[in-house]
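Chemist: Return a 3D structure for these sequence lines:
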Amino acid sequence: MNDGRLQRAPALEGLGTRLRDLRRARGLSLGDLAAISGVPPSTISKIENRQMNPSLVHAINMAEALNENLGFLIDERKGLDVAFNVVRSKTRATLDLPEMSLRLEDLHGNFAPGILEARLGTIAAGAASGDEPMRHEGEELCHVLDGAIGYIVDGQRFDLGAGDTIQFKCSDPHSWENTAPGTTRVLWVFSEGLSF
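Modeler: As a prediction, the model looks like this:
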């Protein structure tokens with residue numbers, strides 16, 4: 001992190017191509033994906049042509065429409081069918097979302113996506129999930145490692161500090177914000193559906 005902002009992630013360099021390939025593999029036009037995801041076709045085109053990065057809400061909506069998890073943002077490789085996976089702290093894939101002042105670290109590595117996926121989140125002071133609440137499949141668990149985060153889930157506010165945990169159904173509209181004066185670190189675990 002640098003001055004509270006995150007740098008552009010090398011992992012996003014191939015995002016446009018991965019998104020285009022996924023869309024085409026599903027037999028979808030830009031208009032089709034826009035209709036299913038609620039993301040404007042002009043925005044999808046700009047993402048595919050490397051003119052912009054998606055917001056978290058747009059990324060979640062496109063991933064859900066493509067029947068993918070947000071791992072497609074980080075790497076084009078699919079998970080492997082293995083019995084176990086060890087992810088070393090210095091080698092895990094990292095996704096920086098500068099517009100959200102958010103860094104996500106992949107904890108499942110090359111393990112085939114399944115019931116659970118987990119990410120470490122480093123959230124800069126004042127950062128939030130966006131103007132519009134998120135909704136997607138599955139459940140979400142957020143455990144605060146350092147700092148503080150405020151969640152609004154289905155209109156109800158929850159303020160969490162270090163050591164606190166929240167779990168909820170992601171079909172309920174939800175959003176979050178870093179309420180600490182500095183960086184907040186969280187462990188996010190997602191089930192059956194979209195992760196980031």
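Chemist: which residues does the nearest residue to residue 107 once chain neighbours are set aside contact?
Modeler: Spatial nearest neighbour of residue 107, excluding adjacent residues (CB to CB, 6 or more residues apart in numbering): residue 118 at 4.1 Å. Heads up, the C-betas are built off the backbone N, CA and C, glycines and all. For residue 118, the contact set (CB atoms under 8 Å, 6 or more residues apart in numbering) comprises 107-108, 187-190, 195.
Chemist: So what pairs up with residue 118 in the strands?
Modeler: residue 189 (DSSP bridges).
Chemist: Can I get the strand or helix carrying residue 143 as CSV, trimmed to CA atoms?
Modeler: Following DSSP states H and E, one finds residue 143 within strand 139-146. C-alpha atoms of strand 139-146 as CSV (Å, rounded to 0.1, in the frame of the first residue of the first chain):
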residue,chain,number,x,y,z
GLU,A,139,-22.8,-17.1,2.4
GLU,A,140,-20.1,-14.7,3.5
LEU,A,141,-18.0,-14.7,6.7
CYS,A,142,-15.8,-11.8,7.6
HIS,A,143,-13.4,-12.0,10.6
VAL,A,144,-11.6,-8.8,11.5
LEU,A,145,-7.8,-9.4,12.1
ASP,A,146,-6.8,-5.7,12.7
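Chemist: for that strand, packing partners?
Modeler: strand 156-161, strand 165-169, strand 184-191 (3 or more CB pairs under 8 Å, 6 or more residues apart in numbering; DSSP states H and E).
Chemist: quick one on the thing from earlier: just the closest of the contacts of residue 118 to residue 23, please.
Modeler: residue 195 (19.9 Å; CB to CB).
Chemist: Which one (most neighbours) among the contacts of residue 118?
Modeler: residue 195 (26 neighbours; other CB atoms under 10 Å).
Chemist: just the helices in this structure please.
Modeler: 15-25, 30-37, 41-48, 56-65 (DSSP state H).
Chemist: tell me the angle the last one makes with helix 30-37.
Modeler: Spelled out, it's helix 56-65. 100 degrees (axes from the mean of the first three to the mean of the last three CA atoms, to 10 degrees).
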